[in-house]
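J.: Below are the sequence and a predicted model for it; my questions follow.
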Amino acid sequence: GTGLDNLIKAKGKKYVGFCADPGTLSNSQNANILRTESGQLTPENSMKWESISPNSQGSYNWGNADQLVAFAETNGKILRGHTFVWHQQIPNWVKNINNKATLTSAIQTHIAAVMGRYKGKIYAWDVANEVFEDNGSRRDSVFSRVFGDWTFLDVAFNAARAADPNAKLCLNDYNLDYSSSKLTNFVDLVKTLKARGVPVDCVGSQSHLVVGNGAIPSFKTTLDSLATTNTEVQITELDIRTSASPSSSQISQQVTDYRNVVSACMKTSACAGITVWGVSDKDSWVPSTFSGQGYALIWDNNFNKKACYQGFVDGINS
Ligand code: G3I
């Protein structure tokens, strides 16, 4: 085949994937692009704690997540599960827990339920997401507040290993794209966790990038730092935003930037695969979060391939 996933597999990597959910899958152009170009899917929202169990412990909404998993199975795509321990999109009943025993049991029960339901069907799970602030300190959340240290991660990763021993268990974060105390502390945390026997198998670098960022040409340096954890490195949420109406120089810079990021993964043996955070610019999270910015993905608002598609291909072949 000619899709991005086929191209990257021919060069020895595991997958090119995209985020999806029943909303975007219901668009046949989107679904057809995923069938051809993708080998892996990540639920954009449907497996988040707030989506699965919004109201109370033990009551679950599986509908959207089940639909995504069914699409992946029918079409032979592997899945990345996303996500358990995160400060966002968690239900109020979890946010309001104020003692360690109750929160421990809530984390264990939730992970056992979700990973149990999809056992054997998920390649890798973002067990924890965005646990660092941008200055490199431990992020404030119900988890860090109630535990007072990093041991909420021990609870979560151990519960995950018990629930599905074959799934790869990842720590995922953003702004790991250049040298910083956040990157250093992230790498150190993974090493510390592993040293005390916490099962961390992979690190996810979201890679929400800004076109022309000075770190992109040396993206391999970042991936090399992440690889010092001796875990699998995955690019988990790639997009490269420009202004909402990009200039021609931004458009050509975006081609170069996609090529450089993909090339960095190709040249890093620990880098297993790349997930792009959406198909069409019309469904991207970027414009609603960063006013005046957009154009971050590989297909335009009408599902036409953009110039950066070729940048991605050139990166694979670099
Ligand atoms: O489903 C409701 C709908 O019922 C309601 O009417 C509507 C009104 O606002 O909101 C809908 O929920 C939205 C949800 O996406 C589903 O579309 C939320 O408002 C919106 O905040 C949510 O945004 C998601 C965001 O995570 C939440 O933090 C984005 O789609 C999703 O792309 C984004 O993904 C995150 C990753 O999980 C973690 N890394 C960063 C990345 C980008 O923010």
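T.: All right, it came through fine. Residues are numbered from 1 along each chain as shown.
J.: switch to C-alpha atoms for all contacts and neighbour counts from now on
T.: Noted.
J.: can you give me the helices in the stretch 1-150 of the chain?
T.: 4-10, 22-25, 28-37, 49-52, 63-75, 92-95, 100-117, 142-147 (DSSP state H, counting those that start in this stretch).
J.: relative to helix 63-75, how tilted is the third one?
T.: By that I understand helix 28-37. With axes from the mean of the first three to the mean of the last three C-alpha atoms, to 10 degrees as the basis, helix 28-37 and helix 63-75 are set at 50 degrees to each other.
J.: same check, this time on the longest one
T.: Orientation check (the same axes, to 10 degrees): helix 100-117 against helix 63-75 gives 30 degrees.
J.: Just give me the neighbour total for Gln293.
T.: Gln293: 17 surrounding residues under other C-alpha atoms under 10 Å.
J.: Distance check, it against Asp239.
T.: Computed as C-alpha to C-alpha, to the nearest Å, the Gln293 to Asp239 distance reads 12 Å.
J.: Kindly report the same for Tyr295.
T.: Separation of Tyr295 from Asp239 (C-alpha to C-alpha) stands at 9 Å.
J.: now Ser28
T.: If you measure Ser28 against Asp239 using C-alpha to C-alpha, the figure is 22 Å.
J.: And for Asp66?
T.: Computed as C-alpha to C-alpha, the Asp66 to Asp239 distance reads 26 Å.
J.: Looking only at neighbour counts, state which of the two leads.
T.: A count of neighbours by other C-alpha under 10 Å puts Asp239 above the other of Asp66 and Asp239, at 28 against 17.
J.: just the CA coordinates of the helix or strand where the more buried one lies, formatted as CSV?
T.: Under DSSP states H and E, the secondary-structure element containing Asp239 is strand 232-243. Output of strand 232-243 as CSV, limited to C-alpha atoms (Å, rounded to 0.1, in the frame of the first residue of the first chain):
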residue,chain,number,x,y,z
GLU,A,232,10.0,2.7,23.9
VAL,A,233,9.6,6.3,22.7
GLN,A,234,6.4,7.3,21.0
ILE,A,235,5.4,10.6,19.4
THR,A,236,1.8,10.6,20.6
GLU,A,237,-0.1,13.8,19.5
LEU,A,238,1.9,15.4,16.7
ASP,A,239,0.6,18.6,15.1
ILE,A,240,2.5,21.7,13.9
ARG,A,241,0.4,24.9,14.0
THR,A,242,0.7,28.1,12.0
SER,A,243,-1.4,31.1,11.9
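J.: what packs against the helix or strand following that strand?
T.: Beyond strand 232-243 on the C-terminal side, the first helix or strand identified by DSSP H and E is helix 248-266. Under the contact criterion of 3 or more C-alpha pairs under 8 Å, 6 or more residues apart in numbering; DSSP states H and E, helix 248-266 touches helix 219-227, strand 232-243, strand 271-276, helix 307-316.
J.: now the helices of the stretch 1-150 of the chain as JSON lines including mean pLDDT?
T.: As requested, these are arranged in JSON lines below (pLDDT from 0 to 100):
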{"stretch": "helix 4-10", "mean pLDDT": "98"}
{"stretch": "helix 22-25", "mean pLDDT": "98"}
{"stretch": "helix 28-37", "mean pLDDT": "98"}
{"stretch": "helix 49-52", "mean pLDDT": "98"}
{"stretch": "helix 63-75", "mean pLDDT": "98"}
{"stretch": "helix 92-95", "mean pLDDT": "98"}
{"stretch": "helix 100-117", "mean pLDDT": "98"}
{"stretch": "helix 142-147", "mean pLDDT": "98"}
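J.: which one of these is the most hemmed in?
T.: Mean neighbour counts were taken over the helices of the stretch 1-150 of the chain using mean count of other C-alpha atoms under 10 Å, and the top value, a mean of 21, falls to helix 49-52.
J.: Contacts only, for the residue most central in space within the chain.
T.: Within the chain, one residue has its C-alpha closest to the average C-alpha position: by C-alpha atoms, centre = their mean, that is Thr236, at 3.3 Å. Under the criterion of C-alpha atoms under 8 Å, 6 or more residues apart in numbering, the neighbours of Thr236 are 172, 204-207, 274-277.
J.: one step back: nearest to Met47, of the helices and strands packed on helix 248-266?
T.: strand 232-243 (15.2 Å; C-alpha to C-alpha).
J.: how about Thr229, secondary structure?
T.: At Thr229 the chain is in coil, as set by DSSP: H, G, I helix; E, B strand; the rest coil.
J.: quick one: it and Leu193 touch, right?
T.: No: with contact defined as C-alpha atoms under 8 Å, Thr229 does not count as touching Leu193 (10.2 Å).
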